[in-house]
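Asks: sequence and predicted model, in that order:
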Amino acid sequence: MKGYIVWPAYLDKNLSKKGGRKLPKNLALDRPKFDEIKKALDSIGISHEIEKNSRYPKEQGQEERNLGRFIVEKKFSKNEILRKISKEIRKNRGGN
């Protein structure tokens, strides 16, 4: 599948923009988990593939981070997909 790459780091409010975060802090999440992102993509109805053993290039030296990435269909813009994922995870976490 050709599509956008989505790394969990893109949604992590604990990272700086330089460190890989793509969303503004007010929309980003506290340590998003791989399974949460998968569940959100399923709920939103965006087709995706998983590459579980990939490591985000900016996190090569770190051990405690999420391993894996998603390749998502280009149904919306990449930014819009990230916002939808964030909104869905917030809803699943109880709206925080």
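Replies: Right, received. Where do you want to start? Residues are numbered from 1 along each chain as shown.

Asks: how about the longest helix belonging to the chain: buried residues?
Replies: The helix spanning the most residues in the chain, taking DSSP state H as the definition, is helix 78-93. The neighbour-count criterion (16 or more other Cβ atoms under 10 Å) identifies 81-86, 88-89 as the buried residues of helix 78-93. C-beta: built from backbone N, CA, C; applies to glycine.

Asks: okay, now the unreliable bits of this structure?
Replies: 57-66, 95-96 (pLDDT under 70).

Asks: ok, which stretches of it are strands?
Replies: Using DSSP state E, the strands assigned to the chain run over residues 4-6, 48-51, 69-72.

Asks: give me whichever of those is most buried.
Replies: strand 69-72 (a mean of 21; mean count of other Cβ atoms under 10 Å).

Asks: rewinding a little: which residues touch the longest helix of the chain?
Replies: Residues from elsewhere that reach helix 78-93 (Cβ atoms under 8 Å, 6 or more residues apart in numbering): 4, 6, 10-11, 22-23, 27-29, 32, 36-37, 39-41, 43-44, 46, 72, 75-76, 96.
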